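Asker: what's the 3D shape of this:
(one chain, ligands or ions: 1)
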Amino acid sequence: MKIVFAAAEAAPYAKVGGLADVAGSLPQALAELGHDVTLYLPLHGTIDRARFAVPARAPVRSVPFGAAHVRVSYPSVARDGVRVVLVSSARIGRDRVYGEKDDDRRYALFCRAVYEDLRESPPDVVHAHDWHAALLVPLVARSRGGTWRRTATVFTIHNLAYQGRTNAAILARVGLPRARMAVEGPNECNPMARAIASADIVSTVSERYAKEILTPEFGEGLQGLLRERKGRLRGIVNGIDTTVFDPAADGHIAARYDAADTSGKAKDKEALQVEGGLAVDPRAPLFGVVGRLVEQKGVDLLTASAPHLLAKGGQLVVLGAGDPSYERKWKAFARRYGRKLWLTLGFDAGLAQRIYAGADLFLMPSRFEPCGLGQLISFRYGTIPVVHAVGGLAETVRDVDADPERGNGFSFSRYTGEAFDDAIDRAMGAYRADGEAWPALMRRAMEEDHSWRASAKRYAALYRTAVRLRSS
Ligand code: GLC
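Answerer: Below you'll find the model as predicted:
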């Protein structure tokens, strides 16, 4: 099948969150299965053109946008069997992937520019991700004539909390009719809702989240629309790039290891303690956090439980940036607990990998989590996750105390500080217990297969269903 991906970010070109990991590795996995895959990405100002050998000369189009036409160029590069087209225009590419005043227009233009580039020979499937690429879905879905007849659309929700709501004027600009949807306010356009309403198939990144978003608690106001489209809604759990995240070959870590011989992990722990200025103590339970310090990720619980964890002899390494009020609290923690807590505000892929390798345990108390990649990467490094049982975390983490034979982590159900403290205490207890149980748990986690292999096949099946539905 000929498949086109459209997304705002993809590793290694531009990465803000988990979407980049998926858009940077699922296309490769599909290409490996023999599909012809092209990924469209905005050429953001932050993308290093020299490093990625982005050609200066490229095909150019005049893209209709409102009353005007915008000159857009389409330089492309190849990576692991995938063609990557970096959609280039001063009106799209900026210093930041998100957070510019005109994000709505930038991404609407991106959608229209992709649509124009596909016109002459449309693919079998257009697979758009999150609100930034959402308006591409109704553009394609409405084009039933001529060459577009067979093209099916798949829309994947990575995070329902961001819907791209904006003024309805964007519809005329991008080339869509103005008819209002029930979920839209007067004069409002909700790109995510429009993609959900018009895609042949809607998917999200775990089966559990696909069920959760049908409820008012997780549906972000779109639960009614999603329930209407329930027959077209699927959940496929994400994989991870197991060549990037591989303790046996990771160039960022002090010592390499695998499930058969985990001795290198102790050296990575020591190296992390030294790097972070923590007390070098092989027996102290070392907890890692890699993720944005925002409400979704449970930063309130993390902030409430950190003093408890440190008082009980744990150590904590945190890498992430986020909500300024929480950043301030964490800076104060870092001053107060110098030898026990190492805080790095920002993002650094190499440090993230040293944390995955050096930590014993990994904290993810997310309030909601469509899939979550941190717990999957942790498994790969034999680092045991402690998670709130929600979304993809509930789907992939089995509590050891509830299921001693198959357990691979610790989880708690009620979103409260006490429940999180209790899970942390159980995890520290298990870590400190002598005997074979902890090494066996580490090995079990490391032996799980979270590569894209299985999920890429499920996407291919999903595309076939979408194509069938489109032509019926
Ligand atoms: C979003 C979600 C996260 C998911 C990622 C990739 O960042 O919040 O749960 O893993 O997208 O699908």
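
Asker: which residues does the closest residue in space to residue 364 that isn't next to it in sequence contact?
Answerer: Once flanking residues are discounted, residue 364 sits nearest to residue 387: 4.6 Å by CB to CB, 6 or more residues apart in numbering. For the C-beta atoms, the positions are set from N, CA and C on the backbone; glycine is no exception. When the contact criterion is CB atoms under 8 Å, 6 or more residues apart in numbering, the partners of residue 387 are 363-366, 369, 372, 375, 393-394, 397, 409-412.

Asker: Correct me if wrong: residue 413 contacts residue 399.
Answerer: No. Judged on CB atoms under 8 Å, residue 413 makes no contact with residue 399 at a distance of 9.5 Å.

Asker: More neighbours: these two, which one.
Answerer: Using other CB atoms under 10 Å as the criterion, residue 413 and residue 399 rank with residue 399 on top: 20 against 12.

Asker: Can you give me every residue that contacts the more buried one?
Answerer: Residue 399 touches 389, 407, 409-411, counting by CB under 8 Å, 6+ apart.

Asker: Show me which pair in those is furthest apart.
Answerer: 389 and 407 (12.6 Å; CB to CB).

Asker: Now for residue 319, how many residues are close by?
Answerer: 20.

Asker: my bad, should have said residue 231
Answerer: Around residue 231 there are 8 other residues, counting by other CB under 10 Å.

Asker: and if you look at residue 351?
Answerer: Counted by other CB under 10 Å, the residues lying close to residue 351 total 18.

Asker: I'd like to know how far it sits from the ligand.
Answerer: Counting by CB to the nearest ligand atom, to the nearest Å, the gap from residue 351 to the ligand is 19 Å.

Asker: Identify the bridge partners of residue 385.
Answerer: Counting by DSSP bridges, residue 385 forms beta bridges with residue 362.

Asker: which parts of the stretch 201-350 of the chain sit against the ligand?
Answerer: 205, 238 (CB under 6 Å from any ligand atom).

Asker: How many neighbouring residues does the closest residue to the ligand within the stretch 201-350 of the chain have?
Answerer: Nearest residue of the stretch 201-350 of the chain to the ligand: residue 205, at 4.0 Å (CB to the nearest ligand atom). Neighbour count for residue 205, taken as other CB under 10 Å: 28.

Asker: wait, doesn't it sit right on residue 156?
Answerer: Yes. Under the criterion of CB under 8 Å, residue 205 makes contact with residue 156 at 7.0 Å.

Asker: what does the helix or strand containing residue 462 contact?
Answerer: Per DSSP states H and E, residue 462 falls inside helix 453-471. Helix 453-471 is contacted from outside by 1, 3, 26, 29-30, 32-33, 35, 124-125, 127, 150-154, 200-201, 203, 232, 234, 236-239, using CB under 8 Å, 6+ apart.

Asker: Dump the contacts of residue 399 to a markdown table, plus pLDDT.
Answerer: What follows is the contacts of residue 399, written out as a markdown table (pLDDT from 0 to 100):
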| residue | pLDDT |
| --- | --- |
| 389 | 98 |
| 407 | 97 |
| 409 | 98 |
| 410 | 98 |
| 411 | 98 |
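
Asker: show me what contacts residue 388?
Answerer: Counted by CB under 8 Å, 6+ apart, residue 388 has contacts 298, 301, 364-367, 369, 411-413, 415, 420.

Asker: Most neighbours among the residues you listed, please name it.
Answerer: Of all these, the highest neighbour tally under other CB under 10 Å goes to residue 369, namely 31 neighbours.

Asker: So it is in contact with residue 393, correct?
Answerer: Yes. With contact defined as CB under 8 Å, residue 369 reaches residue 393; the gap is 5.0 Å.

Asker: Output the set of residues of the stretch 51-200 of the chain in proximity to the ligand.
Answerer: In this structure, the stretch 51-200 of the chain approaches the ligand at residues 158-159, judged by CB under 6 Å from any ligand atom.
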